[in-house]
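A.B. asks: Structure for this input, please:
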Amino acid sequence: MPLRHSAALAALLCAGPALAINLCPGWNDPLPEGEARYEVFASPYTHHWSFDEEHKQVYLVSLSRRLPDDRLCGFALFNNSFGQPSAYAYMGKTWDGLLPNWPNVYATVSAGIIYGYVGKYKDKVPLNVGGFAPVVIPSVGYRLTRNLGFEVQLLGTAAFMVGVNGRF
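C.D. replies: From the prediction side, this is the model:
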């Protein structure tokens, strides 16, 4: 991994959580009694819409702080589709009980900054400048229990990711 890439990723790892705390309004606001404060998402599988011999399996783990009004702020670490270590700092909103006849279905949209597509892969993500690019990620999930669910995240025109969402 080039030194510049390592330094940028290390800076995002160190600054990302601090930025999330400072940029997320309501970070310290209390949630209703009994509500989980954090949300973790882990994905062992990503399906790319089109085949590319250079694609690698993507693994991701994220941690979000749940905020009032079903908002969230978080940080994700993953290896991207080309095996490069990457990170995503984001804010988002969740809508629980999305469908009246399916109360366990929920949707989330997050938006933030991704880092990691560098070198010959820099053009694989739109608006990429120095490895940093803005992204919006919609997802749909199904809650098995109040604090455990399965989720599918849409990764633009590239892929979709499947994983487990847990609240604690």
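
A.B. asks: Show me the helices in this structure, by range?
C.D. replies: 3-23 (DSSP state H).

A.B. asks: Under the pLDDT cut-off, which ranges of it? List them.
C.D. replies: Low-confidence segments of the chain, defined by pLDDT under 70, span residues 1-23, 25-27.

A.B. asks: Against residue 141, how distant is the residue of it most remote from its centre?
C.D. replies: Distance from the centre of the chain peaks at residue 101, with 27.6 Å (Cα atoms, centre = their mean). The gap separating residue 101 from residue 141 is 16 Å, by Cβ to Cβ, to the nearest Å. Glycine gets a C-beta too; all of them are placed from N, C-alpha and C.

A.B. asks: for residue 128, same thing?
C.D. replies: Residue 128 is 28 Å from residue 141, by Cβ to Cβ.

A.B. asks: between those two, which one's more packed in?
C.D. replies: residue 141 (22 against 18; other Cβ atoms under 10 Å).

A.B. asks: That one is in contact with residue 152, isn't it?
C.D. replies: Yes: at 7.1 Å, residue 141 counts as touching residue 152 under the criterion of Cβ atoms under 8 Å.

A.B. asks: Now do the strands in the chain.
C.D. replies: Taking DSSP state E as the test, the strands found in the chain are 38-48, 60-67, 71-79, 85-95, 105-115, 132-145, 148-155, 159-167.

A.B. asks: any chance of these in JSON lines, with distance to residue 121 too?
C.D. replies: Listed next are the strands of the chain as JSON lines, based on distance: least, Cβ to Cβ, whole Å:
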{"stretch": "strand 38-48", "distance to residue 121": "14"}
{"stretch": "strand 60-67", "distance to residue 121": "17"}
{"stretch": "strand 71-79", "distance to residue 121": "12"}
{"stretch": "strand 85-95", "distance to residue 121": "10"}
{"stretch": "strand 105-115", "distance to residue 121": "12"}
{"stretch": "strand 132-145", "distance to residue 121": "11"}
{"stretch": "strand 148-155", "distance to residue 121": "14"}
{"stretch": "strand 159-167", "distance to residue 121": "14"}
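
A.B. asks: Contacts only, for residue 40.
C.D. replies: 61, 62, 63, 64, 165, 166, 167, 168 (Cβ atoms under 8 Å, 6 or more residues apart in numbering).
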